[in-house]
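> Predicted model, plus sequence, below.
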Amino acid sequence: MKYNVAIMRQPANNCMDGLTSVDLGIPDVSLLKSQWERYHEVLSQLTNEVIVLDALDGFPDAYFVEDVAVVTPEIAILTNPGASARTGETEYMDETLRTFRDCRKIRAPGTLDGGDVLVVGKHCIVGLSERTNRLGAEQLCAILGEYGYRGDIVNVSEALHFKSSVNFVDEETLLVTEACKGLSCLSSYGQLVVPTDENYAAKVVWFNDSVLIPQGFPKVEKILLEHGSQVIPMPVSEIAKMDGGLTCLSLRLTK
């Protein structure tokens, strides 16, 4: 799949007040913004259009735009984020997405974070986590089922989101952590396994034949290079302090 549009949102000045489950210290906001700018620069080199939305001071996590929507070639589904501090973010994404797709919504008491949703071709895998419950996952699978997608629902055991552990690096291959390599719903794909001491580096983004990877993880970089991937290391030290990764900084879609 070739993406020709990416949607991003600028980090707010109070982005250090966002949610985090890791103890990596308080991020340097200036450095975080420069890392976000580098991501924006790379996406702008790889695709035709990058839409940058204004920061939302009332939502310090809102620059993690992937959590508020799931976008396929047929439809956009606005999520219902599982953290109460983020539940208002979807209304600020609605208008933008409606310029590209019809939109549906996940309804309470269902909860869903986009970071728990991996779509590969016509296969949707949803992870149950602290942010995504079964009702939300079932709603998503039902909506996508109308468009011929098959859905699998799995438990997230080791990380905040499913895509903290599993992401695709081409149309047939996944990068997976040790904890997820045995999932039966992944058995039809080739799998590259992340060394346990570099688990964070599972948060990669395959974007128009390039794989954006977190900087500073040489084992994963070597695995991907040997696989034949075109690798672009990206600085994410401050983003990681807020539970973030490369996957959640953009929504990628085709016109």
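Now that the structure is in, tell me what you want to look at. These numbers were taken from a predicted model, which means no experiment stands behind them.

> From here on, just use CA atoms for contacts and neighbour counts.
Fine.

> What confidence value was assigned to Ser21?
Per-residue confidence at Ser21 stands at 88 (pLDDT).

> which residues does the closest residue to Ala201 other than its chain neighbours contact?
Distance criterion Cα to Cα, 6 or more residues apart in numbering; nearest residue to Ala201, sequence neighbours excluded, is Pro214 at 5.7 Å. By Cα atoms under 8 Å, 6 or more residues apart in numbering, the contact list for Pro214 reads Tyr200, Ala201, Lys203, Val204, Pro233, Met234, Pro235, Val236, Gly245, Leu246.

> and if you look at Ala55?
Applying Cα under 8 Å, 6+ apart, the residues contacting Ala55 are Arg9, Gln10, Pro11, Ala12, Ala62, Tyr63.

> so which strand or helix has it?
Ala55 is part of no helix or strand when elements are defined by DSSP states H and E.

> Pull up the gap between it and Asn80, please.
Separation of Ala55 from Asn80 (Cα to Cα, to the nearest Å): 20 Å.

> for Gly114, same thing?
In terms of Cα to Cα, Gly114 sits 9 Å off from Asn80.

> Now the common contact residues for the two.
What both Gly114 and Asn80 touch, as defined by Cα under 8 Å, 6+ apart, is the set Val68.

> residues of stretch 64-82 that come out buried?
Under the neighbour-count criterion of 16 or more other Cα atoms under 10 Å, stretch 64-82 has 64-72, 75-82 buried.

> Could you do stretch 87-102 as well?
Buried residues in stretch 87-102, counted by 16+ other Cα under 10 Å: Glu89, Thr90, Met93, Asp94, Leu97, Phe100, Arg101.

> what secondary structure does the first one sit in?
It refers to Glu89. At Glu89, secondary structure determined by DSSP: H, G, I helix; E, B strand; the rest coil is coil.

> same check, this time on the fifth one
Secondary structure of Leu97, reduced to three states by three-state DSSP: helix.

> Which residues are in contact with it?
Ala76, Cys103.

> Need the pLDDT of it.
Reported pLDDT for Leu97: 98.

> where do the helices sit along the chain?
Assigned by DSSP state H, the helices in the chain fall at 29-46, 91-98, 134-145, 218-227, 237-240.

> Let me have the ones you listed in JSON lines, adding distance to Pro195 as columns.
Below are those laid out as JSON lines (distance: least, Cα to Cα, whole Å):
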{"stretch": "helix 29-46", "distance to Pro195": "25"}
{"stretch": "helix 91-98", "distance to Pro195": "36"}
{"stretch": "helix 134-145", "distance to Pro195": "29"}
{"stretch": "helix 218-227", "distance to Pro195": "7"}
{"stretch": "helix 237-240", "distance to Pro195": "18"}
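
> Pick the most deeply packed of those.
Burial of the helices of the chain is given as mean neighbour count (mean count of other Cα atoms under 10 Å); helix 237-240 ranks first at a mean of 21.
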